[in-house]
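# Fold the following for me, if possible:
(2 chains)
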Amino acid sequence: MTFSPELEARFETFLAKYPADRKRSATIPMLIYAQDEVGSITDELIEEVAKRVGVSPLQVNEVVGFYSMLHKGKGMGKYHVQVCTNISCLLVGGDELYDRACHKLGLGHKEVTADGQVSLEEVECMGACSWAPAVQVNYDFYHYVTPEQLDRLLDGLKAGKRPEEIAGLEKVNC
Amino acid sequence: MVGNTPLYNEPHPLEVRILSRRFGLPNSQSIETYLANDGYKAFEKALGMTQDQIIGEVKTSVLRGRGGAGFPTGMKWGFLPRNSPKPKYIMVNADESEPGTCKDRLLMEYDPHQLIEGCLIAGLAVGAQQGYIYIRGEYRYLIESMDRALAEAYAKGYLGENILGRGVKFNLATHSGAGAYECGEESALLESFEGKRGNPRIRPPFPAVAGAYQCPTILNNVETFSAIPPIILNGGAYFAGLGIPKAGGTRLVCLSGHVNKPGVYEVPLGFSMMRMINEIGGGMRNGKKLKAVIPGGSSCPLLKADECDIPMDYDSLAAAKSMLGSGGMVVMDEDTCMVKAALRIMRFYAHESCGWCIPCREGTTWLRKLLQRFHDGMGQRSDIVLIGDLSKNMLGRTFCPLGDAAALPTISIVEKFREEFEAHLDGKPCPYEKTSRLVMA
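As a prediction, the model looks like this:
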């Protein structure tokens, strides 16, 4: 399996972090960064990671099933919208935001639009409790999200815009 | 949704900023800013101290673990075997996932070198030459910013094979998780770090004896390590004096929920919970009345409004049959449906149960179903007792504390807000919701 030179360099960095006989430690970092490039955790990717860290594909496969951010099959959309409805977000309307997103996108939990652009997930606490309600698009955080802002975000994404092209939206982490 | 708005607040006069004192300085994340503001001075001081002296200062500081369990840090460090032939490891738990908790984000974003220096000093204290920072996968931007900070520290000679030419070796690297609350539990974190499913290990042996790769390991929370530089620089006694006798120093409290000014605030141990809500937090939103508080993350038993006049420290919360936990303080007003709160908390634990121990795997799932049915108005009177009984059956019957974490808040809600469960009986709709919400289970 071939990857971009950037990802190959990253893999090298990962494998160098751990003792020579402990390369298995690189499994999860390799999987999550590879997923960003490949789009999902494919069987081919599992075999490749297994080969590189020196374990059987089964040992990687069982790991994949454990972690909520690793998606097998077709994977999530290009823009994966994650709405937190855990307790701090719930108290200030996180569940209403999630319902709104479901209706707006016509998607349920972990579903992807037909064109593969947008997917939706109701997620557990993402560590933005003091700035709730919070939404993540891929790895970017959006805090104090209002229903109007969510509408703008989802309309923009559906129209094929990148989040940074959508007016009035700014991710928190830079 | 405001970009570039910092996550820290303007300092409140009641705050005591020790760990967060550099938040807000220009480029506070850079090594230049850090070095210009006492950065790495504690490490240089520690270079002239013996291992016993460093651990002694940490013991004197009465620092207790900030991840949730509150175990005395100095004592934990003292458990590492001195003469083990195995390499020793420093492991930072940055898998911050306890609902209500968002403080480690700030510590890593605005003062990453304080954490690095804390790890360096821990390495000196026990003779470890390698450390890892296990950061939850959702915090990708922090993995990247932490990597930048590590690169700066290497470039300036504070990490590497021969630190500052003093013959000290210490390497530190980030490690990405991939979404699993369970991996915030120390033994599950270690399994995950080794590239496996994040199932907990049976203890003993504890990580101090058999941690990463079965080697002696110091495993602490981000905030715990971040407290080490100020302790070494100013002395353990100084830090201890900021808090109360049995719990030294300050801690970051993540205030969320129905208050006017949610945010992350640093206050001394033993600070009044009501002053936190009414003064620092700006009081209840929309002038509503307080109903309940989760004192330190959703694993803690809830406090009713009349129990909230309490100092926030480990022993006071324990006396109130709750816990100080991870600092995630969630404030709920009079319009909050406690059945819905219990349901949402249980949905979380059912989702996050790793499935290793049957009481937790089955218990959380059945409780989620029961609470869902109850909130939908289809509960029976006998279910109220059943919810409590099922929860109590999980207590102490699992490898890790996730089963307890699911049970404790649920038991407290059923006991303290029984009338709200009764209000949902006989097919009545939730008294707090105008329309019932379709459930996507």
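# which residues touch residue B:241?
Applying C-beta atoms under 8 Å, 6 or more residues apart in numbering or on different chains to residue B:241 gives the contacts residue B:248. Heads up, the C-betas are built off the backbone N, CA and C, glycines and all.
# Look at it and give its secondary structure.
helix (DSSP: H, G, I helix; E, B strand; the rest coil).
# so how far is residue B:60 from it?
Per C-beta to C-beta, to the nearest Å, residue B:241 is found 10 Å from residue B:60.
# Helices of chain A, residue ranges please.
Using DSSP state H, the helices of chain A run over residues A:5-17, A:27-38, A:43-53, A:57-64, A:87-90, A:94-105, A:147-158.
# Let me have these in CSV, adding mean neighbour count, mean pLDDT and distance to residue B:52 as columns.
Output for the helices of chain A, formatted as CSV (neighbours: other C-beta atoms under 10 Å in any protein chain shown; pLDDT from 0 to 100; distance: least, C-beta to C-beta, whole Å):
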stretch, mean neighbour count, mean pLDDT, distance to residue B:52
helix A:5-17, 14, 98, 31
helix A:27-38, 21, 98, 36
helix A:43-53, 18, 98, 39
helix A:57-64, 18, 98, 40
helix A:87-90, 29, 98, 42
helix A:94-105, 19, 97, 49
helix A:147-158, 18, 96, 55
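# Select, out of the ones you listed, the one closest to residue B:163.
helix A:5-17 (18.2 Å; C-beta to C-beta).
# relative to helix A:27-38, how tilted is the closest one?
180 degrees (axes from the mean of the first three to the mean of the last three C-alpha atoms, to 10 degrees).
# what packs against helix A:5-17?
helix A:27-38, helix A:43-53 (3 or more C-beta pairs under 8 Å, 6 or more residues apart in numbering or on different chains; DSSP states H and E).
# Indicate which one of those is closest to chain B.
Nearest of the helices and strands packed on helix A:5-17 to chain B, taken as C-beta to the nearest C-beta: helix A:27-38 at 3.6 Å.
# who touches the closest one?
Residues contacting helix A:27-38 (C-beta under 8 Å, 6+ apart): A:3-4, A:7, A:10-11, A:14, A:41, A:45, A:49, A:52-53, A:55, A:60, A:63-64, A:67, A:69-71, A:75, B:137, B:175-178, B:192, B:195.
# With stretch A:164-174 instead?
Residues contacting stretch A:164-174 (C-beta under 8 Å, 6+ apart): A:131, A:137, A:140-143, A:149, A:152-153, A:156-157, A:163, B:1-5, B:7, B:109, B:141-142.
# and it, which residues are buried?
Residues of stretch A:164-174 classed as buried: A:166, A:169-173 (neighbour count, 16 or more other C-beta atoms under 10 Å in any protein chain shown).
# Find the residue at the geometric middle of chain A.
By C-alpha atoms, centre = their mean, chain A has its centre lying nearest to residue A:138, at 4.6 Å.
# distance of it from chain B?
Note on residue A:138: its distance to chain B, by C-beta to the nearest C-beta, to the nearest Å, is 8 Å.
# Break the chain down into its domains, please.
Let's take chain A. For chain A, the structural domains run A:5-64, A:79-165, going by automatic domain parsing.
# The chain in question should be chain B.
According to automatic domain parsing, the ranges for chain B are B:31-242, B:250-333, B:338-422.
# that older thread, show me which of the contacts of stretch A:164-174 are buried.
Using 16+ other C-beta under 10 Å, the buried ones in the contacts of stretch A:164-174 are A:131, A:137, A:140-143, A:149, A:152-153, A:156-157, A:163, B:1, B:7, B:109, B:141-142.
# which residue does chain A bring closest to chain B?
residue A:170 (2.6 Å).
# Return the per-residue confidence for that residue.
For residue A:170, the pLDDT comes out at 73.
# and residue A:98, what does it touch?
A:83, A:85, A:122.
# Where does the residue lying farthest from the centre of chain B sit: helix, strand or coil?
Using C-alpha atoms, centre = their mean, the residue of chain B lying farthest from its centre is residue B:426. It sits 39.7 Å away. Using three-state DSSP, the structure places residue B:426 in coil.
# got it, and residue B:24?
coil.
# for it, what are its contacts?
Residue B:24 touches B:6, B:8, B:11, B:110, counting by C-beta under 8 Å, 6+ apart.
# Adding distance to chain A, neighbour count and pLDDT, write those residues out as TSV.
Listed next are the contacts of residue B:24 as TSV, based on distance: C-beta to the nearest C-beta, whole Å; neighbours: other C-beta atoms under 10 Å in any protein chain shown; pLDDT from 0 to 100:
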residue	distance to chain A	neighbour count	pLDDT
B:6	9	14	86
B:8	10	19	90
B:11	15	15	93
B:110	12	21	97
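# And those, which two are furthest apart?
Going by C-beta to C-beta, the pair spanning the contacts of residue B:24 furthest: B:11 and B:110, at 13.1 Å.
# Got the confidence number for residue A:74?
89.
# Disregarding residues adjacent in the polypeptide, which is nearest to it?
residue A:40 (6.0 Å; C-beta to C-beta, 6 or more residues apart in numbering or on different chains).
# Surely that neighbour is in contact with residue A:69?
No. Counting by C-beta atoms under 8 Å, residue A:40 stays clear of residue A:69, with 11.5 Å between them.
# and the stretch 101-250 of chain B, which of its residues are near chain A?
Residues of the stretch 101-250 of chain B lying close to chain A (C-beta under 8 Å from any C-beta of the partner chain) are B:101-102, B:104-105, B:109, B:132, B:136-142, B:173, B:175-181, B:192-198, B:213.
# on that earlier part again, pull up the gap between the residue farthest from the centre of chain B and residue B:130, please.
Following C-beta to C-beta, the distance that separates residue B:426 from residue B:130 is 62 Å.
# ok now do residue 74, which residues does it touch?
Here I'm looking at chain A. Counted by C-beta under 8 Å, 6+ apart, residue A:74 has contacts A:39-40, A:112, A:116.
# my question was about chain B
B:55-61, B:63.
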